[in-house]
Structure formats: structure tokens, C-alpha cells
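J.: sequence-free structure coming up:
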């Protein structure tokens, strides 16, 4: 469904040309003539094949602009699939009744660091281990990660703790390598519109955590998810991690409204990253609680054994104690909003409600 | 505390001039000479009287820039007054243990509308009635409010329901009028840097609800509060209501991080306005819950008997039923984060904990 | 002209209600039924009186949203008055063939400062003297201007140099005072939506220089101008001075595109303030040339006898020499784009083309 | 050069630890003790190897924050190489005396389209042909380009017209293919932080046109250029193409200030893309003139034989006539600011000054 707005000084012949063009595409034009302007509604089954033709109409003589009424994404649109997509990882139903906590260091530095962190976050209630083996960095002089060695360290930690792994993949040719080790592949904010990468993770059979670009709209994020799903992978989690604004008190501005907007627009699970949004430790627990209360299906949080020595993002990494405190504060909020938080390894029979 | 950064090609004589200037102000310069640049720390009791002198240093030959280390606000700074400012209205302790819910129509339209709304929101748990008698409007052709007639309608509703009134004042010369009717005076987002108005409300003896400008940083908001407090009125509530960003899915982008940032920087209470931030009814309850979970001391929400006929902001006004549902969802969250929500008129003895 | 978009699950009865409502307003509904959605065009003479009724339609059950096709401003709209508004000050035709250069100190500090600056900028080719007697300041501890004393200093400089005065008025009750001294009244960026002030300057008979708010859209600026014009004052100049973005290399981001957008949308003259946009001396001349090349009708620039001692905005004030150099660079560009720059006091007969 | 700011309540032992840490890195600490806070300047030869150590200092107990004084880029920094980098393509000296005009269709659609456009833009004065064979697209349902077939079409046009080719490369594995056909490789805005791609084009021997990300600061753009240069390729052109802001009247907000800021910070040539910034034909010529007047070394502009049938970005493509008119308007401005614009194929002897 689209509307064509003609210029106020458009000639009748120009209006006719637009009408004929619409008819030639097998669609039905509905012109309305106003005092100053004529508009023409376009009705019919508009599919992807029409897209370029419709763009041309916007360029025809006498046309002021075109306005799209229906949304440009389909596969991830809640309107066409009202039931939530539930992604099952490690007994969690992400997008369903669970509130999934993913935690771990920003960058994998050593086996000892990862193992200690994995144990600590699991004991405090995290169900998925995060950690970066490949780091995209703004400066060419920054630490870029351990690469495959880092992936092996993550796998060893998984074997010991039972926590599945979410880790970032930064280019399409690394997808076959990362998919061997990871349980969830993360597409980072800087790569949200790296289409070669979106296509590559669209071809795998593991869930993808798609981070919103720092200056991408919610609609663009849904279109990026559409890329992945249209390439065959239906298990996409949408991750809000803060957008760039004029405010500098925090590293990014967490767009908390994106949580209800995404839940209403799409059937995909919504995750929040309070660490990158805040950029500073004291704000992380408040933002995590806000995310949960706003309806998020989970969070991804940075935790480090000694943040003051972290190679990347120390300022926003929680200590083990801080993480445990945050988890203790999250549980009653989860109960209040009807989300479940159970410890890793508790079997279904033994599952406590978060409120218990 | 300030730092002067010299240009990499600054001459020794220029460095000396800056050092002498600092000494002439009774302050102590601490120069450090680096490979490429010299920097000079300024130490001493820098008070308001030095401000312009220090600006001049930034303009001296050879100076690249100056960097301020200490914050430019004092009276509202938590560092100098760690205890929270608690504002008492209608038995509430705002900034203390209560979660204050202010609700009512965007604009006062009629006595009947206000009376019905006041009753409905009081019965659902609101403790303060909001309503606009003077409306600042972007278009000269929009409804601008009933003026003093509107204030009288609000007072009548207060007399009937017991709910105190928060209402906006849009220019300094209206302060004497509005202060006669209102219990809390609101300074709107468009007027956050209307200094004549800030000075006027600084001279009254009633609390002020200061809304963050759509284009203002958190620091600028604190400076606006400093204006009010430095004019004699210590009872200022800071209200986050969304900032302008590139995202258009919501009317504004609620900067939820402002809640913990403000609580950490200042001792003043923090209120959140989810209605203006969201601009759409379905997002208001999730944002209200997020505000509460993030640590806000209250919310201010638009409610209307029939939003579809509201003269202003109908799209973001809750119906009575929606408001009641939101309140029912807020209570368990308040209990989870240790905030109190009690009904209007319940005496202290009968006060239920929100969790009850 | 407006379009009503119904929800995809709207019932027929809801569509009918909307259609009846439109008809009851004396307007003509044009419904188009698509596969997923129905839209209804509204055609007829929609005037200001309909505005609130049309807002109500957006709140009716089953309505997803309404889309406005025609612009919300009329008096300042080029579509309804294609000829440019030309404002005549000191022999200049602003909005016509001249490129008007307004220059002077940010704040009036002393008679000597203003007199020296006025002479210097006049000799270099400025035709209007700027200077602030009342300064709106973000911090309550900053210099706020000399007040009426400053206005008298400006008038004395005018008498000596023949340069008319542009100066800021910061609140409605100061308008009667400022209008006695000023030739052009400036409404500052922070006051662009101070409606009491817009109405006050709408009631005077002198031109107004309206600065764009730091975070106001071009459309909001045109609506602010509409406020002034609808109150009776047709002589409004629109001033682009930079908007707030995430970029911090300059004080604001000069929205140079606003120049052609405003020239196309409105018949009012367009002025650019490169000083506040840049915030740093080296960028001012390049931005002034860009403004001229993009089609601006003038610039307003800060000049100070010794920027390193300026009480306000020294970093962005040009010295006399720098201003003269900038003027020398502007003249050939003016000739290249067909704008006239003549010295103050040159009579018509003697007027040189800038290119000469 | 860096400054460490301690918390106001930092203990002496914490200050000592920071001082020891700095000394252990072979650097010299310069502490200054103020009334409320201690700051410590760090002086010495800080190289890339120190970067992570310095980040750790920011995480030490008692440290409030660290402030970097010197810029984080070196190779592209004008401070260390004051002479401009001049890139020679087709007889042009880009970054030197010439104003380089690159023009052509957004996407290569057919041999006929490209050949016609190449001839038209060459005859009007363009010196380089642009055209996209690989198109990164926000929606998975949009036209993605002809691929290698498109590159062949561009080469054929080059052979006929003599215009060298600038074309986009969208992933690292395509670099070997694109480099065979292109004279200048473009890195698009969405890929400005695609580090694998930056490294790949850092390894080639042809100039790179690096577009600023829509969401990237000027400093981040310079860091992206530093990536390329540090990988061995010194011929990088920086292209400003508009940033994302709240303003929607244009597709992006052209940050015209970036031109003088980049020229002052870096020795690399600066190009402006008015087409993508404006997103609408009528604004392109004004923005092109502004770019030239502000000091840009060239522009890259979209031109199409019949924009109303363009597969991509028709709304912002100039017709042949519009392009010729724009060139006619640019020449006198170039003369006014001292830049040369000569037709392709004119030999040195015959070169007309643009002003002639």
C-alpha cells in the first residue's frame, strides 16, 4: 500500500501518466483530487518484484513524493506471525517465559580469566557465557583479540561449566570457524549493515544475536534481521545496546523504548546490553532492571575478574561481586513482571520460580 | 580545578604568560612539559568570580584548549550534599521512600473532564493531579489552554478529591497567578533555558518540577536547576521526558540512563514522564515500569476520559482502564525495588506496603 | 489534505465511523481498500478551525495513524507567496540582491569596545552592527550583559558609524525597551519556542532575526516564524546557526542544507551564523563562504577587539584583521554567485558590484 | 600526553599506586593536588605499546577518569606531516590545485546508460567517472548491482571517454577483483568501520575514497583512514557525505564544517558527496558550491540519463542538463576561491583557468 502525492502545480497529463504507470504494474490507482493537490492511493498485492517500479514512480514528472503505508519487512513482522519466536538454548526458552542472562568478559584474554569468570557468573545465575575472540576496534592500535585460540578457551570453559557460548563474528569468511565453537553467533553493532556477513549468518543453523547499530533506526535493525531470516535462519535475537546522541554522560543512550517497540513490531526475542550503553559500572544494574521491567527477554553483560586490568572495556565490566548483587536485585523484579530466572543446571522439576 | 593545554608549537613566553595570569588570580599553576605539548594544571579555590577570568585564559596566545575537571554546578551537586532532598507533598516523601504518581489530562478542557479524571486516577492510586491550563504549542494554530479558568477547574477538582495540583507555568509574569492555584509548578521542556522563568520560580515557596529540554544535556538540566536553587528555591524535581534523536518510532527517545546518572550526580528527586517520551499509548506502561526499576522517584502520566476527543496529545493519553492496569503492574515492581506506593487518603497507620 | 490509515484489523464499522466523521466536518472522504489495510484520503478546504477535529480522527477506534500531506504553515510558505520577502535596512535589500554582513561583539562590554568594533567592521564592509546587551546564559554564574546601559552604548555607536543595530531580546516584557534602541530584534536559539516572546515581537514594526533552536527542525523554525507573522509582523529573517548532533569537533553542526531548504520552502530571507556553529575561529571564514555559496542572504558574525579578553565566546570571535580578511575572501565569491556586497555609505550611484 | 583525574575522596595510597604504575611504564607522573581533587599529568614518549596499559590506569581504584590530550592518530595527522598529500589521477592533483569532479550513476545498470552518462559528464567538465557495480542495500529486497559485469561496463566507458573509474568495494574478498578495474576504490559509509575491508584496501596500490559513516565522528573517520595508511596505502581521500541527525528535511545532514576541520587536522584530500547528503535534486548544486567554497578538494555527484527510471537513488540523481548547469555555476566559484577546474583532455598548455 503506497500513496503518491502530486505537486500542487502538477498537470493533468502528469497525473494521468502516474495512473497509467500504476495500472501497467497490475495495481489499482485510487486518485483523490484536493484543493491544492492530488494524491493517488495504490492498492493491490505489492510484492518485492514491484519495489523498483514503485521507486520509479517517485521520480516521475509532477510527483512530489511517495509515502509507504505498509512496513518494508515481512518475515520478522509480528503482523504476519503473531506468535513469538522462541529460541531454545541450554534449556532456556528465550522469547518465552525465561529472562536470559548472558555474561562474561568483553574480550577473551586467557584460559584462567575465562574459566574463573564462567564459574562466577554461572554460580550467580547466568545461563550463557559471553566473550570476544575477535574484536572490531576503532583504532588500528588497539587489542584485536586472540582469534581461534580465544574460541578454544571459550569451549574449554563451556565444557567445565556447562554454559553455552555467545561470541562475535566479524567477517563472513570467519563464519565457518566461529560456528564450530559458538552456540550463538553475535553480529556486532558496527556490522549491523555488513550485508555479506548478514547473508553468511543467514546460512547457518545456530541462533544469531544481532546488535543494533549505534546510529541505526529500529526499522533498519528489523531490515537487517530480515536479511538473516530471508537467507534461511529464523533464530535471530534483536539486541538494543544504545544509540549515539548528543548526550555524553553515558557512552551511548540506551533506547529503552526500543524494547516495547520491537516486541510490538516483531515476533523475535529482544535482548538488552546495558554494559555498552552505560559505559560505566554504576549505571549497569539500574539499566538491567529497567530492561527487564520494560519487557526484554534477556540481557548481555560484561563481567571481569579484575576490571582494572581488562584489555578492553574495563570501565563497564562488573566485578564478580557486583554481578552477583545485580542478579539478586533482578530476581524480585523478574517475579514482579512474570519472567523466570533459574540457575544453570537446575532441572525442570527443581526449577524455582525467580520469585521464590 | 582546570587544565590548560598549550599548542604543540607554543612558545616558552606564551607558557610563561599563562602561568603569570594564573598566579595573578591567586591560583597555583602546575605545569607539565611533555614531548609535544605542555599542560598546566590550575589548583586553588576557584569560585564563581574566577569564571570569566578562566575563560580568558582559553583565549590567550598559544593555548590550544582548557579542560574543566570539576563540575560547573554546586548547589544541586550530590558531592557537596550527599543526603537526598526530600520534597513533601500530600503526605508523600518525594525523593525518599515513596514512588509518586502524578496523573491527569494534558490540557484542562472542562470541569467535568478534570473532575472525572481526578477521581479515576485517585482511585487507581495517583497522589497528585496534573493538568495544563497554559499550553505552549509549536503551531500558532493549536489550542493554547483555558488560562486562569483552567486553574480554577483544577482547584475545584483538588477540593473534591484531595489531590494536590501540578501545572505548567509558561512565562515569568504568570508565576504570581499560577502559584496561587498550584501545589507544584512545572517548567516545561521548551522553557528549560528560559532564564527569566527559572529566576521567577526560584523566588517562590512551592516545589518546582523542571522538565529536561528535548535538546538539553543532563549537565545543562542540572545547571537549570542550579538557577532555580541559587535564586532561593531548594525544592526542585528533575524530570526526564525524552530527548530528540534520529529515531522516529517514538515521539522522543526516553533517556532512561538519565535516572541513575541524575541520582548519582545530584541530591534532587528524579521524575520520569513516559507519556511525552513514548507519544503512543502502548509504550507507556513498559516505560513507567522501566523508570521505576531504574530508580526514579515518580512518574507523571497523561490520562484522559476519552483520548479520542482530547484537544491535545490524545495519542499518548491513557484511558482510565489503561491507567488502572498500569498501576496494578507498577505495584509489584515497586515492592521489588523497595519503593512505596500507597493510595491517597490512607493514613500512616493504614499504609499498605506496595507489595501487599 | 490528510490521509487516514486504518489498522489492518479494523472493522468495517470503524471505517464507516471515520467516513461519517469526515463528512460531518464538511470534508470529502476518499477511501481506498487494500489487501491488508484501508486508507481514507480527506479532501476539502481544511482550515485552522478543523485542526483539532482532525487530531481527534487520529484517536478514533481502528485508526492506525494519520498522515498530513500539506504543510502546517501558510503565511511563511513560498507556495502561497512565491515572491521573496525583501527587508530593507540601511539601504540593503535583505532577501534580494544584497549579501548582508552583520558583525560585532557577542556581548556589549564597554563603549570603547563597541565603538572600536563598529568602526572596524564598517570599514571592512559590514552593514549592520550586532552586540548583546542581554545574554541568556546556561550557567547562573556567567556574565549576563549590561542591560539598558548596553543598548545605549550600541545606539551611540550607531550614531557615530551609521550602522543600524541588531540585538537580542530575551523576554516579552523587554520588547518595549529593546525596540526603542534596536533596528532589528533578535530572538535567540534558546527562545525559538518561547511563544510569549514570539507573540511580543509579532506585535512590533521592526524586523526580527529568528535563530533556529539548536535542536529544532526546519519545519519547527518555520512554525515559529509563522507565530510572528500571524501576529502581524511580516519582516522575519530565518537564521541557521547550527544544530546539536553527536559530533563534537565543532560547537554545533552547521546545517548548511537548511539554506536551500528554507529558500525553497519559504519566501523569507535566510541568514547564517557561522560563529556559533563553528565555536572556533579557524572555521568561521570557510563556513561564511559556504553559506554565501549555498544561497544565504547574509551572515551574522562575532568580532572583538581582543578576543582573548572577551567576556563571552572569545574562542569564536574574529579579530579585526581576521574579519577584514574574511570580507576580502567573501567578495569574489559573492560576485561568483551574483550577490552584491557594497560598503556602508556608498550611495546607489557609486555602488560597486562586489565583483568589481 | 594524558591526564588522570582522581576521585574527590581518593585515598593517598590510591594516588601513590597510580604514580607508581605510571613510573613502571617508563613515563613521568606530574601530580597536582587541588582543594577537592588530585590530578596527575603523564608525560613521556607514549607509543602504541602503552595504549592498553594506559587504559588500565583508568580502571585503578580511586581514579575518576582519564583525559587524552594528544590525538589518537598519527599517520594522517597534519601536525606530523604539514604538507598536503596530493593524489594524482588523470592529470588532476587532488588535494592540490584542482577541484576534482567525479560524476556518474549511482548504480551501473547497462552499457548504454554508463556510456551516455560518461560522455555527458566528461563534456560538462567531470574528470572521473563514478558508478556502483556492487551495492550495499538496507533492504534484502533491493537491487544489489551487476557485479563484475558492471565493472566491465565501467571499463568500456573509460576506454571510450578517458575518464578513470571510482567504484565501491563492499567486502575484503572482492578487493582483488575490483582493483583490476577501478582507478580509485571507494569504501562506503556503511563499511567505514569494516576493519577487514580497511586492511584489504590498505594493501593495494591505488587510491581509496573513504566515506564517512553516517554515525561516525570526524575523529573516527580519521582513525579509519589511519587503518588504511598503517597497512601501507598512503593515498586516501576523506569523503564527507552527511551524518544522521534529527532533521528529516534532507536525507542526511551534510556536515560542511567537517571540510575545514579535516583540512586542519589532516594532510589528506577532502571530497564532498552532496548527492547522498541532500537526497533531493534541488539541493545538490547549492551544496556542491558550499563544499567548494568551504575548501573541499572535490565532489562526487550522481548523474543519470533519466533519473525517473534509475534503479537506485533516482531522487538525488541530476539529469545531464542539471549537471551541466551545476558545473557552470561551480566554475566562477572555483575561480573565486583559487581552485582549478579544467576539462578532461585539455593538455597543460591549453589549460584554462576555471576563471577564464
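T.: Received, thanks. Not measured: the values here are computed from a predicted model.

J.: ok, now which ones touch residue A:37?
T.: Counting by C-beta atoms under 8 Å, 6 or more residues apart in numbering or on different chains, residue A:37 touches A:5, A:6, A:7, A:8, A:10, A:64, C:1, C:69, C:70. (Glycine included, C-beta is placed from N, CA and C.)

J.: for residue A:260, what are its contacts?
T.: Residues near residue A:260 by C-beta under 8 Å, 6+ apart: A:294, A:295, B:282, B:283, B:286, B:287.

J.: Go again with 6 Å.
T.: A:295, B:283, B:286 (C-beta atoms under 6 Å, 6 or more residues apart in numbering or on different chains).

J.: of the contacts of residue A:37, closest to residue D:247?
T.: The closest of those to residue D:247 turns out to be residue A:64 (C-beta to C-beta; 19.1 Å).

J.: so residue A:294 touches residue A:259, yeah?
T.: Yes: here residue A:294 reaches residue A:259: they are 4.3 Å apart, a contact under C-beta atoms under 6 Å.

J.: Contacts only, for the spatially most central residue of chain A.
T.: Nearest to the mean C-alpha position of chain A, by C-alpha atoms, centre = their mean, lies residue A:238 at 2.3 Å. Contact partners of residue A:238, counting by C-beta under 6 Å, 6+ apart, are A:210, A:262, A:268, A:270.

J.: 7 Å - rerun?
T.: Taking C-beta atoms under 7 Å, 6 or more residues apart in numbering or on different chains, we find residue A:238 in contact with A:210, A:221, A:225, A:262, A:266, A:268, A:270, A:271.

J.: who wins for neighbours among those?
T.: The most neighbours of any of these, using other C-beta atoms under 10 Å in any protein chain shown, belong to residue A:268, which has 29 neighbours.

J.: List the residues that contact it.
T.: Taking C-beta under 7 Å, 6+ apart, we find residue A:268 in contact with A:76, A:85, A:95, A:225, A:236, A:237, A:238.

J.: any idea how far residue A:258 is from it?
T.: Using C-beta to C-beta, to the nearest Å, we find residue A:268 at a distance of 12 Å from residue A:258.

J.: And for residue A:247?
T.: Separation of residue A:247 from residue A:258 (C-beta to C-beta) stands at 16 Å.

J.: Show me which of those two is the more surrounded one.
T.: Between residue A:247 and residue A:258, residue A:258 has the larger neighbour count (other C-beta under 10 Å), namely 30 against 21.

J.: pLDDT of stretch A:296-312, averaged?
T.: Here stretch A:296-312 scores 87 as its mean pLDDT.

J.: which parts of the stretch 151-300 of chain A sit against chain B?
T.: Contact residues (C-beta under 7 Å from any C-beta of the partner chain) of the stretch 151-300 of chain A with chain B: A:215, A:217-218, A:243, A:245-247, A:249-250, A:253-257, A:259-261, A:264, A:277-278, A:282-283, A:286-287, A:289-290, A:292-295.

J.: Now the worst-scoring helix or strand of chain A on mean pLDDT: buried residues?
T.: For chain A, using mean pLDDT, DSSP states H and E, the weakest element among its helices and strands is helix A:51-57, scoring a mean of 73. By neighbour count on 16 or more other C-beta atoms under 10 Å in any protein chain shown, the buried set for helix A:51-57 is A:52, A:54, A:55, A:56, A:57.

J.: Let me know the angle separating the helix or strand that comes right after it from strand C:63-68.
T.: Toward the C-terminus, helix A:51-57 is succeeded by strand A:63-68 as the next helix or strand (DSSP states H and E). If you take axes from the mean of the first three to the mean of the last three C-alpha atoms, to 10 degrees, strand A:63-68 sits at 170 degrees to strand C:63-68.

J.: among the contacts of residue A:260, who's most crowded?
T.: Within the contacts of residue A:260, neighbour counts (other C-beta under 10 Å) peak at residue B:283, which reaches 28 neighbours.

J.: That one and residue B:250 touch, don't they?
T.: Yes: contact criterion C-beta atoms under 7 Å: residue B:283 and residue B:250 qualify, at 6.4 Å.

J.: Are there residues contacting both of these two? Which ones?
T.: The contact sets of residue B:283 and residue B:250 overlap at A:257, A:261 (C-beta under 7 Å, 6+ apart).

J.: still on that earlier bit, packing partners of the least confident helix or strand of chain A?
T.: Contacting helix A:51-57 under the criterion 3 or more C-beta pairs under 7 Å, 6 or more residues apart in numbering or on different chains; DSSP states H and E is no other helix or strand.

J.: Quick check: beta-bridge partners of residue A:30?
T.: Assessed by DSSP bridges, residue A:30 has beta-bridge partners residue A:41.

J.: And it, how close does it get to residue C:7?
T.: For residue A:30 relative to residue C:7 (C-beta to C-beta), the value is 19 Å.

J.: ok, which residues in the stretch 201-350 of chain A are in contact with chain D?
T.: Contact residues, the stretch 201-350 of chain A versus chain D (C-beta under 7 Å from any C-beta): A:213-215, A:220, A:223, A:226-227, A:230, A:244, A:307-311, A:314-315.
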